[in-house]
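Colleague: Predicted coordinates and the sequence they were generated for:
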Amino acid sequence: MTEVQNLNPTILNVADLPTRNRPSKKYSDYESGIFAAVPNPADFLSSDSEDDDLLEEPIDEQEIYDLIKLISDPEHPLSLGELAVVSLPDIFIKPTLPNVPGSPLQTVTVLITPTITHCSLATVIGLGVRVRLEQSLPPRFRVDVRIKEGTHSTGDEVNKQLGDKERVAAALENGALMQVIAKMMETCQ
Amino acid sequence: MSALQTFMLVVDHDKEEAKRIADSVAQDVEGKKTTLIEIVQQLGEYINDEDPILRGKAVSFLTSVIKSLSPRYLSRQQIQVLTTFFCDRIEDGGAVAGLDTLQRLDRFTKELAAETAQSLFSNFQDLQSRSQSQRFQVYQLLNELMLKHRKALRDMDEISLVGVVDIMAGEKDPRNLMVVFSILKVIMMEWNITNHVELLFDSVFNYFPITFRPPPNDPYGITAQDLKGRLQDCLSSTSQLAPHTIPALLDKLDSTSPNVKKDALNALIACIRSYDPNTVSRFSITVWEVLKFEILNAQEEFLSESSLEALQSIAQRLSEGVTQVTQDLPLAQFLRPITKECNEQLQEPQQKQAKPAQQILGALSSASPITFTLVVQAVVAPIFTVYQEADGIVKQRALLETLSVLFESAIQVFGQWTTRGNELALENPLIEFKDQFSDVLGQALMGAAKEEVSFRATALKGFLRLSTLRDFFQDNEVGLFVQYLDEILLKEESVGRDDLKKEAIAALAEISKHKPRLIMDITFPAFVATLPDEDDDTSSAYLSTLDTLAKISVERDIFETLFRRLFSKLSILLQKEQPGSVAYPRAILMTLLYVMDQRAMDSDPNVDLYFEKIVIGLSRSVAESASGKAKNQILNDPSILDTLGRLCNLLVRSISVQKQEQVAENIYSLFAPATDFTPVPFSQNSTADQERTIIISTYLLAGLSKDVSDRIPHTSPDVSGLLSDLVQRSVYDSTEPATHLAFLRHLALLVNKFLSKQDISIAEKLFDSLISQQCQAFSPGTIRTVFWLSKSLVLRLAPTTTHILTSLLGLLSSPDQQTSSSAARGFAILLGEDDVLSATNGAQIRLLAKQRVFTTVIPLISSRIREVNVAGTEDAPQVDHIKPAHLTALAGILSTISTALVMPELPTLLPLLLQSLDLQTVDSVAVRAATLDTLSVIIRDNGVVVIDQCGHVHSLVQRLLKTTEIRTGTGVVNTPRLRVDALKCLYLLATKQIVTETASNARAPPSISPLLPEKNHVLRSLRFVLDDPKRDVRKAAVDARSAWLRGVDDAPEDEE
């Protein structure tokens, strides 16, 4: 990367990025703040029981977002989330075969917004997102990564490349490219 | 053979003998048996020899003799002759050492020093072709001359300057360079170097950047950092070098290596700090123009930090001696282009480069009051303009952050309310904008939409900084802020993670340190007014109110107010017929406990008051309540008694010995008259309410010092009666759990803390009598009593510790399953932390206790399990429980012990841990969880290597993968937590393949990872775990899988 294409992009504050509010575990006030320090004597002799609730938590858009928001931009030491390259409203999960009711197959669609309309790294970013999702989602998911309409001058071109299985596979054989992508994913945690 | 000849024969291989010869010759000289002239004449036949080795040995003989002479023997004239002689022969070995000996003598003159130096300069033009040690000797001699005869050398002026530079040119050895650099530094600082600036500069700058790496096992221990330091000292020694150093260092910033850039920046900072301000001023703008790039387009964070430090140092140097702020100051000229640049960047404050602009302003404004004033004058007004015109909250927030950075600098420059001394003559330039700040921040904090948490939080932090800034806001202005905070805490609904409320509490706590009065006058009445009279189960809002009050009341005056208010609430509650839920009084007690715990109670002047009210007053009420004479049941509740007990414990620890004695006497009577209350010990048919008071007694006992043990009732002539009574009560299974625990702790405290060494056999006999009953089945109550008694003895390493531990292990093999499994769970008690039997309470906990238990128990468990495995299934099924019981016991011990102790036993231990993972039933969940915890700590601290050394990588990975499965359908239970823990272990395996050993530089040769054979299987198996129904499990699976994808490779990556 000899020349940085977009020197001064707008940055979102990490604290303002969408996160999951965890209502799942209901902490009573007693378990927070100063009251947590003193155990209730009723707990002393009870053996530790784990409430193994069978409630399922299906994979949702926020989870997809959390998987990709920390990928770093190849140009800046900033994450795709902070740069608003990926954003929660641009992630969709739909059944792959809507006509087959019980089918477990799902398609994840992620729309990418490059920081500038002529960003030549859009393809690399798209590939990065794609690789991350393929590594992190179970086999019943299909991954579809595209440039958001109207945000890139050669969006169709890039989409064709990202959508073409053969071309994606070929790109992933490219050592230099894979190194860039591996570097981008180092920050995923 | 003459002494000279013998000397020359032995000098190479027998230094001792050579020295002895020289000593005896020296004695002869001093005893006038021979003269120096004769000795020199003797040398004659050798010193003109063609062989330089021979010549060297001959000269060394003379040197050795001189060395052995007493320091005052040689006359001035003799010294002169010898000096001339050595200078003539200076190239021969030993001559330099001879000169070194001579120049140490008092009679060595200035002229001789000059002669010696001159001789060094003219004869050692070829110094670099000689060996390192010879060169070192020459430099040492020069260095000595510099130390003792500096004036002589300085008077030689150019000759010594050029001479030194000439002989050291081309030197490469680090040890020599250390000496050379320090000689050069002296010359640069003290000689007149006007005509030779460039020569000197080149002679040292040639070595920049230092790329030296010490060889392994370097005997001299010189590091690259040492050399860098000396070199830097030379470069920064005098302002005269500035025209050369500063441009040269700035040039080095074009380097592609971050390390070179770092060295250049460090040297630059050193120069700025040492050159005179005028020189610094001359180069200041050039420096800014180069460093600007490093900061705005930061390559590495440390480079940007160093660059900021350099700018800050310039500002500090330029502020020296300045008392009046004017625009003609060199400082003002330096700052002008910088503030202009920052103002431009801040036009779009949400963009990436606004951040570095903020950092620049922060670094400069904190440099000195003068720079602070200049920066504020240049940037605050423009920031307000952008703020007013800003089209969005994101932009405004970034601007508030920038202002906050300035406020932080103001605090550094002008101090906080609590800062003592150093009143500044200069007025704080922010005063001019005070009302504007107050308006803008108030508007942002209270006027913005409630969901804009981070915006409001930024405003809050800014407001807080201004409120603590010394001599800035008036009290009523800080008071306004306090009111805002109260409003946020009391009136606003929770939003998201409640970040704003947390910030608000922290802000109030901070203000309480600076302006306690405002908190007492404004916050206290508002908060206390919202506390209900009783908890009528409609709302538990009082919890968050109490939480806030606790956190802001750590200051002394405030705490006193808090105590009075809360204690009166509590007293009213205790008098009510219908007091509502006990949760409320308990929360009040917990609040007091929290704050007292934060404060140092033993130095609190009010501790006696608190003692009177709580320990004496409330204990008495507890006794009253236990006898059924109270208005309500609050003080009969075990959770209340527990919290109150902790409070009493804390206070008892903080009071005087006299008061402690009083407590000791009243431990069981709880300060109540004998007619009203029957103490628990030895009482027959006491009610559950009465027995429960033992909770308070136990906490009181725990707080007492050992010195008052003779005041405890029922302890003389000896304590056996009391102990037996407690044991009887402890083994009784149907006692309430809280009361039961209190009996156990009470027993343990008496045995561990108060029982004297002589009487320890009483407890040991008690142990034997409990365990040696003929039947092999024991009730859970008995088991628990046995373990608590053991705990108290083992922690103080009683003489029978080994006997105790083997007896406890014996219980595991009991044919009675219940006995075996309760005993197995008991092992967690043995070394577990306890709030009552703790070091804080003065329990006797020997440092080696844990190790002793571990090393005694592990081999026994291991061999017992082997026996059971070998016996196999043909044995009767009634022993099926023995193996799980042992594994449970093991898990219990491991959970209370640090891994450092575990590591030496790992080869024994690991097979046991793997067998624990093979357990599959619901009962084993806790054991498996504990095992995974232990494994993860072992892997985290020691890496895969240790497991590979035991040869268990494959078995471990297989078992971990099995534990991550969910749909097994064979009755195996893997709870979500187990699955997550197993995945974490897999993750750690992949990330801890190479243990980072900071101690040695040597890196292990790249080898094939022991994980490689497992990689494919792991990746395939984890792909299915990615579909786990639980989100936390999926998250852990993603992390583990990407760690294996990335980290497990043929050869470990070469990381710099």
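Modeller: That came through, no problem.
Colleague: in the chain, which helix has the most residues?
Modeller: Because you didn't say which chain, this covers chain A. helix A:122-136 (DSSP state H).
Colleague: that answer is for a different chain, and I need it for chain B
Modeller: helix B:925-949.
Colleague: check whether that one contacts chain A.
Modeller: Yes. Part of helix B:925-949 sits near chain A under the criterion CB under 8 Å from any CB of the partner chain, namely B:925-926. No exception for glycine: its C-beta is placed from N, CA and C like everyone else's.
Colleague: Return the set of buried residues in that helix.
Modeller: B:925-939, B:941-948 (16 or more other CB atoms under 10 Å in any protein chain shown).
Colleague: again with stretch B:126-135
Modeller: B:127, B:135.
Colleague: How many residues are close by B:Leu811?
Modeller: 23 (other CB atoms under 10 Å in any protein chain shown).
Colleague: Tell me the spacing between it and A:Asp66.
Modeller: 49 Å (CB to CB, to the nearest Å).
Colleague: Any idea what A:Asp144 is bridged to?
Modeller: Taking DSSP bridges as the rule, A:Asp144 bridges to A:Thr109.
Colleague: Next up, the contacts around it.
Modeller: Neighbouring residues of A:Asp144 by CB atoms under 8 Å, 6 or more residues apart in numbering or on different chains: A:107-110, A:163.
Colleague: can you check B:Glu665 too?
Modeller: B:711, B:713.
Colleague: Touching the longest helix of chain A from outside, list them.
Modeller: With CB under 8 Å, 6+ apart, helix A:122-136 has contacts from A:64, A:67-68, A:71, A:73-74, A:80, A:85-86, A:108, A:110, A:112, A:114, A:141, A:143, A:145-147, A:152, A:158, A:161-162, A:168, A:171-172, A:177, A:180-181, A:184-185, A:188, B:1026, B:1038, B:1041-1042, B:1045.
Colleague: now stretch B:625-644
Modeller: Residues contacting stretch B:625-644 (CB under 8 Å, 6+ apart): A:38, A:40-42, B:573-579, B:582, B:585-586, B:589-590, B:593, B:614, B:618, B:621-622, B:624, B:676-678, B:687, B:689-690, B:692-693, B:695-696, B:736, B:738-739.
Colleague: Can you get me the start-to-end distance on it?
Modeller: By CA to CA, to the nearest Å, the extent of stretch B:625-644 from end to end equals 14 Å.
Colleague: buried set for it?
Modeller: B:625-627, B:630, B:632, B:634-644.
Colleague: Point out where the chain drops to low pLDDT.
Modeller: Picked chain A for this. Along chain A, the model assigns pLDDT under 70 to residues A:1-5, A:7, A:21-33, A:37, A:39-54.
Colleague: actually chain B
Modeller: Counting by pLDDT under 70, chain B shows low-confidence ranges at B:1, B:496, B:773-775, B:872-878, B:967-971, B:994-1007, B:1050-1056.
Colleague: ok, now with 50
Modeller: Confidence mapping of chain B against pLDDT under 50 gives the ranges B:996-1005, B:1052-1056.
Colleague: Show me the domain layout of it.
Modeller: Split into domains by automatic domain parsing, chain B comes to B:415-419+B:426-530, B:898-1047.
Colleague: Could I get the contacting residues of B:Ala270?
Modeller: Counting by CB under 8 Å, 6+ apart, the residues that B:Ala270 touches are B:232-233, B:235-236.
Colleague: what separates it from B:Asp435, distance-wise?
Modeller: Following CB to CB, the distance that separates B:Ala270 from B:Asp435 is 44 Å.
Colleague: do the same with B:Phe787
Modeller: B:Phe787 is 69 Å from B:Asp435, where distance means CB to CB.
Colleague: re earlier: closest to B:Lys252 among the buried residues of stretch B:625-644?
Modeller: Here the nearest of the buried residues of stretch B:625-644 to B:Lys252, counting by CB to CB, is B:Thr643; it sits at 65.0 Å.
Colleague: quick one: what helix or strand has that closest one in it?
Modeller: helix B:638-654 (DSSP states H and E).
Colleague: Please name the nearest non-neighbouring residue to the residue in chain A positioned nearest to chain B.
Modeller: Nearest residue of chain A to chain B, counting by CB to the nearest CB: A:Pro138, 3.5 Å away. Nearest residue to A:Pro138, sequence neighbours excluded (CB to CB, 6 or more residues apart in numbering or on different chains): B:Asp1027, at 3.5 Å.
Colleague: Can you name the two of the contacts of B:Ala270 that sit furthest apart?
Modeller: B:Asp233 and B:Leu235, at 7.5 Å, using CB to CB across the contacts of B:Ala270.
Colleague: Pick out whichever of the two has more residues nearby.
Modeller: With neighbours defined as other CB under 10 Å, B:Asp233 and B:Leu235 compare such that B:Leu235 has more, 26 against 19.
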